[in-house]
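1. here is my input, please return the structure:
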Amino acid sequence: MNQQMGYVSHANQLPVIYQQLLNIAELNNPELGADWWQLLIDHGLNADESPQFWFNEITVPQSGYALLPLCSSLRQHHHLRALTNCYTTLYNPIINGVGGNTALTELLIQVRQVLRPATLILRPLAQNTLPQWHECLDNAGWLSDAFFCFGNWYLPTTGLTYERYYAERPAALRHTLARKNKKFSQHGRGQFRIITGGAELENAIDAYQTIYAASWKSPEPFPYFIPQLIRQLAVRGELRLGFAMIDNTPAATQLWIVTQQRAAICKLAYDPRFAEFSPGSLLTAHLMQHVITVDNVTEIDYLIGDDSYKRDWMTHRRERWGILATNPFHWRGLMNTANHRLRSSIKKLLHL
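-> Numbering: from 1, shown residues only. The predicted model follows:
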C-alpha cells in the first residue's frame, strides 16, 4: 500500500483533505474541529508540551485516511498522550473511508516505531469505541488496557416540552425552585440574562471571571482558555453565557454551548454571598427552558462527572473511558503494563 505519513504541529498545516475532515468531524463533536485544537494549543497546554498531528495519506483511491492528534512532553519524553486537557470531554481519531481502521493501525505502528514511547494514554473515549481502539492498538503491536474516566449525564429532548420536562423533575427539586424563585423575583430583585455575543461580551467575560473567583471553585489551571473559548463561541453563534442577577449584581453564571441542536453545560459557578437565593439552580432551570424552547435542542449534556445533583436534571448516563497502551519493545512499557494490571487486579479483589 502506497502511504505517506508524518506529523505537523498545527491543524492548519495539515493537507487540505484533513482540514476538510476536521470540518466534518466538528459537526458531531466541536472538540474535533480546527478551532478547538488551536485554542487548546494556544491556551491549554503546559509550557513543556508539544502537539503532534499524526496523519497518513493513502494514495490508492477509495482507501482510508486517519488523523491522530497527540501530545508529547519534554519532562516525560518516554510517554505520549492524546492531545487533550482537563476541558476535553471526548476524544477520538479522525478516520474516513472503508480503510479507516487500517489507516489508524498504520499510524499507531509508525508512532510506536518512530517515537519509541513507553506508553500512550488515550482519554476520554466513548465506551462504545473501546473495541475499535483495542483492535487497532493490538494490530499495531501495542498492549492495551482500558480504565474508567468519568460518568456523563445527559438528557434526550426530542419532542420534549419544557413544561413536561419540569413536571417530571423530582418533587424536592421542583419545590426548591418554586420557593427560591418566589424570593428571587420578589420586588423585582432578580433577573436572568443570556449573552450570545455583541458589545456586551467583554463585560460578560469579566463578570463570569469575577463570579468564578468568588465561588468555591479552584482556580483554572489554564486561565486564558475559558475567556478565549467564550469569544470563539460568540463568533460561531454557539455561545449561551447565562447570568442570574440580584439587585443588578451578577450572582451566578453558567457557560453553555449550543451546536448542531445539542446543548452542553460547560462551566458553572455562583457567588456564595447569594446562596440563600439558590441562583445556580434557578439559572439552570432558566437555561434549560431556553435551549428546549428557543434553541430546540435534541440533547442536553452535563459533560464531565457523576455529581449527585446531575441526576435531578438529567435522565441518562453513559461512561467515558481511557486506554493505557504500552510498548512491549520498551522496558518502561512492560513495567507500566505490569503495574497497571496489578492495581486493576487488587481493585477487583477489594470489590468482591
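
2. so Ile323 is in which element?
-> Using DSSP states H and E, Ile323 sits within strand 316-326.

3. name the nearest residue to Ala234, sequence neighbours excluded.
-> Of all residues beyond its chain neighbours, the one nearest Ala234 is Gly197 (3.6 Å), with distances taken as C-beta to C-beta, 6 or more residues apart in numbering. The way it works is simple: take the backbone N, C-alpha and C, and place the C-beta from them, glycine included.

4. show residues contacting the helix or strand harbouring Thr253.
-> If you go by DSSP H and E, Thr253 is part of strand 249-259. The contact list for strand 249-259 (C-beta atoms under 8 Å, 6 or more residues apart in numbering) reads 30, 207-208, 210-212, 226, 229-230, 233, 236, 238-245, 263-271, 273-274, 277, 279-280, 282-284, 287, 291, 295, 297.

5. what do you get if the cut-off is 7 Å, keeping everything else the same?
-> The contact list for strand 249-259 (C-beta atoms under 7 Å, 6 or more residues apart in numbering) reads 30, 207-208, 210-211, 230, 233, 238, 240-245, 263-271, 274, 277, 279-280, 283-284, 287, 291, 295, 297.

6. C-terminal to it, what's the next element?
-> Following strand 249-259 in sequence, per DSSP H and E, is strand 262-270.

7. for the strand holding Thr253, C-alpha coordinates in CSV please.
-> C-alpha atoms of strand 249-259 as CSV (Å, rounded to 0.1, in the frame of the first residue of the first chain):
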residue,chain,number,x,y,z
THR,A,249,-25.3,42.3,40.6
PRO,A,250,-24.2,39.0,38.9
ALA,A,251,-24.9,36.2,41.4
ALA,A,252,-24.4,33.1,39.3
THR,A,253,-23.1,32.3,35.9
GLN,A,254,-23.1,29.3,33.5
LEU,A,255,-21.4,28.7,30.2
TRP,A,256,-23.5,26.6,27.8
ILE,A,257,-22.5,25.6,24.3
VAL,A,258,-25.2,25.1,21.7
THR,A,259,-24.2,23.5,18.4
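
8. what residues of it count as buried?
-> Pro250, Ala251, Ala252, Thr253, Gln254, Leu255, Trp256, Ile257, Val258, Thr259 (16 or more other C-beta atoms under 10 Å).

9. and it, which strands flank it?
-> If you go by DSSP bridges, strand 249-259 pairs up with strand 239-246 (antiparallel), strand 262-270 (antiparallel).

10. including mean pLDDT, could those strands go into a markdown table?
-> Formatted as a markdown table, the strands paired with strand 249-259 follow (pLDDT from 0 to 100):
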| stretch | mean pLDDT |
| --- | --- |
| strand 239-246 | 97 |
| strand 262-270 | 96 |
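
11. nearest to Val114, out of these?
-> strand 262-270 (35.8 Å; C-beta to C-beta).

12. just to revisit the earlier point, report the buried members of the contacts of strand 249-259.
-> Buried among the contacts of strand 249-259 (16+ other C-beta under 10 Å): 30, 207-208, 211, 230, 233, 238, 240-245, 263-271, 274, 277, 279-280, 283-284, 287, 291, 295, 297.

13. name the surrounding residues that touch stretch 13-28.
-> Against stretch 13-28 from outside (C-beta under 7 Å, 6+ apart): 8, 11, 32-34, 53, 55, 57, 65, 67, 94, 96, 260.

14. compare those and tell me which is most surrounded.
-> Most neighbours among these, by other C-beta atoms under 10 Å: Leu67, with 26 neighbours.

15. the residue nearest the centre of the chain: what secondary structure?
-> Note on the chain: the residue nearest the mean C-alpha position is Thr89, at 2.0 Å, using C-alpha atoms, centre = their mean. Classification of Thr89 by DSSP: H, G, I helix; E, B strand; the rest coil places it in coil.

16. who are the neighbours in contact with it?
-> Contact partners of Thr89, counting by C-beta under 7 Å, 6+ apart, are Glu31, Pro124, Leu303, Ile304.

17. in strands, which of those fall?
-> Pro124 (DSSP state E).

18. in JSON lines: the contacts of Thr89, plus neighbour count and distance to Leu22.
-> What follows is those, written out as JSON lines (neighbours: other C-beta atoms under 10 Å; distance: C-beta to C-beta, whole Å):
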{"residue": "Glu31", "neighbour count": "20", "distance to Leu22": "11"}
{"residue": "Pro124", "neighbour count": "21", "distance to Leu22": "19"}
{"residue": "Leu303", "neighbour count": "19", "distance to Leu22": "21"}
{"residue": "Ile304", "neighbour count": "20", "distance to Leu22": "23"}
